[in-house]
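Participant: Next come a sequence and a model predicted from it.
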Amino acid sequence: MEKTRRDFIKIAGGAAIGAGTLLSGCREEEEKVVEKRGEIPKEPVKIAAVSFLTGVAAAPFGIPGNNTFEMLSEKINADGGIMGRKIELLSKDEAGGVDAQVKLARKLILDDKVDVILGYISSADCKAVLPLSDELGDLIVAYDCGTQELMEGSHSPFPVPKYELGFRTAATLGLDNIGLALMIKKYFPDIKRIAGINPDYAWGRDSWSIFEESMKKLMPQVEVVGTWWPPLFTTDYTAHISALIGAAPDIVHTAFWGGDAVTFTKQALGLGLFDKMTVAYSRGEPIPQEIGKDFPENQIIGCAGPHYFLYPPQDKWPLNKQFVDEYQKKYGKYPTYPCYHAYQAIYSYKAAVEKAGSLTGGWPTVDEVADAMTGLAIQTPSGNITIRADHNAIEDGLFGFTKLTSKYPFPILDPERIEVFPTFVVNPPVGIRTVDWINSW
Amino acid sequence: MEWFIYILNGLYYASTIFLISLGLNIILGVMGILNLAHGSLYAIGAFTAAWLITSLAGWNSPDVLSFIILLGGAILAGFVGLLLERTLISPLYNRALEYQLLITFGALLLFEDLIKIVWGGEAYYASKPFDILGKVDLSGNIYPIYFLLVIVIAIVVKLLTWLFLARTRVGIMLRAMSLDIEMATALGLQINRLRTWAFVLGAALAGLAGALVAPTTPVLLGFGMEPLILAFVVVVIGGLGSLKGAFIGSLIVGEIRSFGIVIFPEIELAILYLIAAIILVIKPEGLFGRIKS
């Protein structure tokens, strides 16, 4: 096995401790070095949280994510902080594009000297910022972005981890789209025709290609009758909707989010699309709450992992009940998947610091935290996550059908038809590219 | 009967684009100003309408008010147009084109920030007018009545504009200005006042277009960019400074987009620009343009 920088530090650290014990009493200087390892700084631990606070991705993702970071920091601080250190949260805006985000991350690490960055909703921002972790020697944790490319190499098997100090504490869009295909195979085994309408940029293209590959393997008899690629932020989908109705698929795949999902759904309702076909929303979980009771029933919804305010059932999993209650009390809405992703990021960091700290006896170094984070498993409101050797978390995949009840002002996932696909069914093995894994089925 | 719906979709799209390009064309034809901030006036109309509708939602107001209130978008955009013309545009009349482009592009950036300051960075959802009108069954095809309303409004605006330009005194003076500004000046027309009115009219039309679109989609930052580019395509196809050109150009753009998305979904963006390029090669002044190149 190749020795990494962290391994070297471990060995060196171990040797230093060993030497220190041996030489104790002989040389005072050595003893001081060992004692220092046990110290925990008085000042707060600086955590930067980077999410969209302005722009189109703010309302659906950035603000719920940032709300959660703020709420949980307060909670952790009230409970005594991380190893006794309070959290000082620096909430930053992800707006401005890739160049602005690279500059911001450099500033956060070099000038503000943050202990960790938890951030990024946009896959483009993740891809641009994560390499800075190793370059500048600070921990960067991607918390929400979906591209499977982030931690993957160019061919399978690829060496892991891609970044020594870069992590992602959520699963990829592979889970969303493989899960949709599994869902369709289970509930619509006899369909013949599918179509796709996805925003014309990497997110839409990647989502469709994973879905299409999965469908080819799982249901080879199904024909793709059309794919549409409207530009991001299209305000008029009438032509696409009529074209979809004309193409007459049984199921339509879409990775629409935020305003695009709202516009498409509302206009599709107006044109009667849902009377003729079922729409499968890859990360649709927040959309019914955004649209309200008008959101159509019996549509397929993915939850970007197992993230839902009613799953795991609150009476069985108190952590979810507690999280939902606290969030709803504070912000007046039910938490959506970005909230759960934010939870996973900040508590993974906390758990890794505490795990590393319990071994070294003091505040751990960045490398020690990274070491502790690799292989870490923690409990979350959605169940649990495991961060693997590729520094990417894996999760179960939750999918369901919308159903209007008298209890909520928007359709929820029908409890009778909820499907949870286990991690090994919707996440590729370590070191294997998602596409290669699907093709190997 | 699917073709019938495709044509309607094209008409709906053409309607909003027509209102924007009509305003752009009046400003360009009468004043010779290429206004890059025109899309921002559209966005201001949309934000105003969406904001008014969401503000009304708390009150128990009659449904019809949420339609009348859409006019607020046109009025505020017209007012902003008045300020813009008086401050930034009026010093430009005798300057070269590059000054216009620089100043109006600067205004576009300024407006983006102003919108952010006034309405914040979040999206506005105000679908009430769209929702309450409901749907209609057109021989087996379901269609939202609101889209039909927008088409009717665009046709009415087209007729009113035509009447205004052909029959009213101010309209005739505006046409005279656009044909020969020196002669119009020599005949004693109050050029500056007419320019201001033309600009306010153009701005209000852009604002009306934005207000009409607002109930069909969340209104967000950068809302004016796509329509601005499409309005330029319309002006290129239809010809500079021509009411008929804006009308026919919008119809062409709307229908090509609608049918293009059905028949050639992979090149939905390219096909529009391809057609515009072909028209430019064959008829460089546009289909109904008066300005010879």
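Facilitator: Done, it's in.

Participant: unless I'm mixing things up, B:Q100 is touching B:L92, no?
Facilitator: Yes. The criterion here is Cβ atoms under 8 Å, and B:Q100 meets it with B:L92 at 5.3 Å. Heads up, the C-betas are built off the backbone N, CA and C, glycines and all.

Participant: The residue nearest to B:I69 when sequence neighbours are not counted in helix, strand or coil?
Facilitator: Nearest non-adjacent residue to B:I69, counting by Cβ to Cβ, 6 or more residues apart in numbering or on different chains: B:L52, 4.6 Å away. Of the three states, B:L52 takes helix under DSSP: H, G, I helix; E, B strand; the rest coil.

Participant: Give me the neighbour count for B:L52.
Facilitator: Neighbour count of B:L52, defined by other Cβ atoms under 10 Å in any protein chain shown: 22.

Participant: which residues sit in contact with it?
Facilitator: Neighbouring residues of B:L52 by Cβ atoms under 8 Å, 6 or more residues apart in numbering or on different chains: B:I69, B:G72, B:G73.

Participant: if we can go back for a sec, shared neighbours of B:Q100 and B:L92, which are they?
Facilitator: With Cβ under 8 Å, 6+ apart as the test, B:Q100 and B:L92 both reach B:I33.

Participant: biggest helix in chain B, by residue count?
Facilitator: helix B:2-31 (DSSP state H).

Participant: near chain A at all, it?
Facilitator: Yes. Counting by Cβ under 8 Å from any Cβ of the partner chain, chain A is contacted by helix B:2-31 at B:E2, B:I5, B:Y6, B:N9, B:G10, B:Y12, B:Y13, B:T16.

Participant: Just the buried subset of those, please.
Facilitator: Taking 16 or more other Cβ atoms under 10 Å in any protein chain shown as the criterion, what is buried in the residues of helix B:2-31 next to chain A is B:I5, B:Y6, B:N9, B:G10, B:Y12, B:Y13, B:T16.

Participant: Show me which residues of the helix or strand where A:T68 lies are buried.
Facilitator: Assigned by DSSP states H and E, A:T68 belongs to helix A:63-78. Buried residues in helix A:63-78, counting neighbours by 16+ other Cβ under 10 Å, are found at A:63-73, A:76-77.

Participant: and the residues you listed as TSV, adding pLDDT?
Facilitator: Shown next, in TSV, are the buried residues of helix A:63-78 (pLDDT from 0 to 100):
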residue	pLDDT
A:I63	94
A:P64	95
A:G65	97
A:N66	97
A:N67	97
A:T68	98
A:F69	98
A:E70	98
A:M71	98
A:L72	98
A:S73	98
A:I76	98
A:N77	97
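
Participant: pLDDT weak spots in the chain?
Facilitator: In the absence of a named chain, chain A is used. A:1-38 (pLDDT under 70).

Participant: Wait, chain B was what I had in mind.
Facilitator: Looking at chain B by pLDDT under 70, you get B:1, B:290-293.

Participant: Please identify the helix or strand for A:V252.
Facilitator: Taking DSSP H and E as the criterion, A:V252 maps to strand A:251-254.

Participant: for B:L36, helix, strand, or coil?
Facilitator: Classified using three-state DSSP, B:L36 is coil.

Participant: Contact partners for it?
Facilitator: Taking Cβ under 8 Å, 6+ apart, one finds B:L101, B:T104, B:F105, B:A107, B:L108, B:L228 in contact with B:L36.

Participant: Can you tell me, leaving aside adjacent residues, what's nearest to the fifth one?
Facilitator: Sequence neighbours aside, B:A37 is the residue nearest to B:L108 in space, at 4.5 Å (criterion: Cβ to Cβ, 6+ apart).

Participant: ok, B:F259 to B:T217 distance?
Facilitator: 22 Å (Cβ to Cβ, to the nearest Å).

Participant: Of these two, give the one with the bigger neighbour count.
Facilitator: Per other Cβ under 10 Å, whichever of B:F259 and B:T217 has more neighbours is B:T217, with 28 against 18.

Participant: I figured the more buried one hits A:G258, correct?
Facilitator: No. When contacts are counted by Cβ under 8 Å, B:T217 is not listed as touching A:G258 (11.3 Å).

Participant: re earlier: now restrict the contacts of B:L36 to buried residues only.
Facilitator: Buried among these (16+ other Cβ under 10 Å): B:T104, B:A107, B:L108, B:L228.

Participant: hmm, the longest helix along chain A in reach of chain B?
Facilitator: Looking across chain A with DSSP H, the single longest helix is helix A:337-360. No. Shown here: helix A:337-360 not in contact with chain B (Cβ under 8 Å from any Cβ), separated by at least 15.1 Å.

Participant: So which bits of that helix are buried?
Facilitator: A:337-353, A:355-357.

Participant: Alright, I will stop here.
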